[in-house]
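Engineer: below are the sequence and a predicted model for it; my questions follow.
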Amino acid sequence: MKVISGIPVLDEMIEEIPEGKVLTYWIDPEVEGNVFAMQTLFTNLERDCRCAYVTLTYSPEVVVSEFNEFGWDVENYKNFNIVDLHSAYVGLPSNCKYSADPTNVDEVNDVLMKVIENCDLVVVPVSSIIDVCGESSIECIGEWCDFIRDKSSRLVFTFVSWPYPEKIENFIKVNSNAIVRVGGVHHRVILGYYYGVVKVDWKNIKSKAILFKLVRPGGVRAYIPKILVTGPYNAGKSTFVHAVSMRSISVDRLGTTVALDHGHLEYRGFSIDLFGTPGQERFDPILKIIGKEALGVILVVDSTKPETFPRAKQMLESVAHFGLPYVVAANKQDLPGALPPEEVRKKMYLPEDVPIIPVSAVNGEGVYEVIDSLLGLLTGRLWVSEDEPESTA
Amino acid sequence: MNMSYQIIPNVELKKGSNIMVYGPTFTGKSMFVRSIFRDFISRGYGGIYVLTKDSAETLMSWLGTGYDSRKVRIIDCVTKSMVGNVKDTDSVKYSTVMDLTGISAKISKFFEDFWRSGIKNIVVVFDSLSTLLMYMNLQTVFRFLHILTGRVKITESIAFYIVEDGMHDEKTIVTLKQLFSGVVEFKEDNGRKYVRFVSPFMQTEWREIVVDEEAVVVT
């Protein structure tokens, strides 16, 4: 029986979770990543696979209500099983067919192996087991990984990457056939969420990061991040958007943008929408509306016109209000008298940690460095290598 | 808006502070953090309150109607265990004391909500860590707090975490203290209650307090 992840885009990449394999959702501690495993389970439940969900931190009733919250009525499926490690832990009797006391390693081992024999897919919260049963429980987890290799089942682990000792992280990495990282886009606070395959041993794939939102009901939904391109009048915003985009459109009147520039870019595995705002003050409300939804900001300034910098700063402050990360594109470097980035920094009173990239949008120079720099800020450089850009623009 | 906040006389907290509120039961710790929370909200802060002993309903009823509800977010770790099927709202999310990942993700979501609506001054109250330590081992709680206290520092917020005296061994308290910038200590002596502040840089005298249903007053 073919088992799939049920996660958008991911199935196109890994195709299936083959028998005997372990797939781990490697989850940032501040991200609601458990839903990935729930979605994988429910997708396969609907495909008549026999599925089991191991619970330790929630009672079986709460597990069912968690599934229901996403519109997944698991209790109506006869092929759904809960392995209850919670009840014994809090001293309550269990009504589940499969249950064990998590503090008794042998008991948990016996039950889990029985479940693996009887199911096509078993979801296990490995980090919760490590948290409750102690770090020595990784030996037990290793036994399940070995046990499943010649079975017709698959294990899906949820591993929340709390600051564990390196040996635990390495152990999970080594014992997983596939790892899907579920993380947050950090900029002081988490502004968005992404997932991507970082390891898979049954297919050759190219790494790709997908932004997602959780929808109730619905589950994991991939979406395209918005990047706001702003700056004073005639700074070259439209030229910038056109220079980096695969397809773009501007709403112009007499050669200047009066509504929006929109461009789309497939770059380093990201699918990005760029929104360029008009530079005139009367359009500032648009800036605020897009700013609320955006993940990051590119501020385009005309390096030959320092007299426009106060307006640039003002526009930046409007969007900085939302706590967004930003990069400055010091445009028109091809023109005589263009100020170098450090001069722009001084004249704009920008902190040292704000990236200022020299750009000539009209010649397409430096534009991808700007995108790289912003993606680096958004993802902590996880998905941005030092290789040459691989844009399909 | 003031960059610092005086929690007891002569003790000003800087942004990014993580403060342990420590003392025996019934000495006024919860009332102390509640009244600080309400005070911060009235100063325009966004507030995130994590409850492990009382329900969100209890806190909201204590807060009454005289506050800006858009600035209050609650994580209720009690109701879900009792009722099972309870739905999150924009301002109240439900979790359980054993689900540290869920609590962490919900706090993070609230931080995002506040930042996206332009509120960057945030106060966090965790009432109490002792309940977590009843279910989870110290190492696990420490890892959870490592992430949370880091988030508080990086966002220059202020956070208070209640720990009950007498429920944990010394090693637990010493380990937890590593994560905090200071401790507000409570004690009871001959039926009278006292508070003081201790940090690596200062220690105040014990000051007598009066606790009622609305606030804690340092006399």
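Structural biologist: On my side now, so go ahead.
Engineer: may I ask which helix or strand encompasses the residue nearest in space to the middle of chain B?
Structural biologist: Relative to the mean C-alpha position of chain B, the nearest C-alpha, by CA atoms, centre = their mean, is the one of B:V125, at 2.2 Å. B:V125 is part of strand B:122-127, with elements assigned from DSSP states H and E.
Engineer: spatially nearest residue to A:G192 (excluding sequence neighbours)?
Structural biologist: Leaving aside its sequence neighbours, A:G192 sits nearest to A:V185 (CB to CB, 6 or more residues apart in numbering or on different chains; 4.0 Å). For every residue, glycine as well, the C-beta is placed using N, CA and C.
Engineer: against which helices or strands is the strand or helix carrying that neighbour packed?
Structural biologist: Using DSSP H and E, the secondary-structure element containing A:V185 is strand A:178-187. For strand A:178-187, the packing partners by 3 or more CB pairs under 8 Å, 6 or more residues apart in numbering or on different chains; DSSP states H and E come out as strand A:22-27, strand A:189-200, helix A:367-379.
Engineer: so how far is that strand off the chain centroid?
Structural biologist: If you compare the mean C-alpha spot of strand A:178-187 with that of the full chain, they lie 5 Å apart, counting by CA atoms, centre = their mean, to the nearest Å.
Engineer: got it, and stretch B:40-51?
Structural biologist: Its chain's C-alpha centre lies 10 Å from the corresponding centre of stretch B:40-51 when counted by CA atoms, centre = their mean.
Engineer: ditto for stretch B:57-73
Structural biologist: 15 Å.
Engineer: helix or strand right after the helix or strand of chain B with the lowest mean pLDDT?
Structural biologist: Counting by mean pLDDT, DSSP states H and E, the weakest-scoring helix or strand in chain B turns out to be strand B:4-8, with a mean of 69. The C-terminal neighbour of strand B:4-8 among helices and strands, as given by DSSP H and E, is strand B:11-14.
Engineer: sheet partners, orientation included, of that following strand?
Structural biologist: strand B:4-8 (antiparallel) (DSSP bridges).
Engineer: please report the distance of B:Y161 from chain A.
Structural biologist: Counting by CB to the nearest CB, to the nearest Å, the gap between B:Y161 and chain A amounts to 17 Å.
Engineer: show me where pLDDT drops low in the chain?
Structural biologist: Defaulting to chain A. Across chain A, the ranges flagged by pLDDT under 70 are A:247-259, A:269, A:280, A:282-283, A:287-288, A:290-292, A:320-322, A:379-393.
Engineer: hmm, no, I was thinking of chain B.
Structural biologist: Counting by pLDDT under 70, chain B contains low-confidence ranges at B:1-5, B:84.
Engineer: please list the residues of it that sit near chain A.
Structural biologist: When proximity is defined by CB under 8 Å from any CB of the partner chain, chain B lies next to chain A at B:80-81, B:84-88, B:96, B:98-102, B:104-109, B:111-112, B:114-116, B:118, B:120, B:135-137, B:139-140, B:143-144, B:146-147, B:151, B:154-155.
Engineer: out of these, which sit inside helices?
Structural biologist: Counting by DSSP state H, these place B:80-81, B:100-102, B:104-109, B:111-112, B:114-116, B:135, B:139-140, B:143-144, B:146-147, B:151, B:154 in helices.
Engineer: hmm, which of the residues you listed are the buried ones?
Structural biologist: Of the members of those, the ones counted as buried by neighbours, 16 or more other CB atoms under 10 Å in any protein chain shown, are B:80-81, B:100-102, B:104-109, B:111-112, B:114-116, B:135, B:139-140, B:143-144, B:147, B:151.
Engineer: near chain B, which residues of the stretch 151-300 of chain A are found?
Structural biologist: Proximity of the stretch 151-300 of chain A to chain B is confined to A:V160, A:W162, A:P163, A:Y164, A:G184, A:R188, A:V189, A:I190, A:L191, A:K292 under the rule CB under 8 Å from any CB.
Engineer: for ChimeraX, what selects the buried ones among those residues?
Structural biologist: Selecting only the buried members of these in ChimeraX, with burial defined as 16+ other CB under 10 Å, works like this:
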select /A:160,162,164,184,189,190,191
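Engineer: that'll do, ta.
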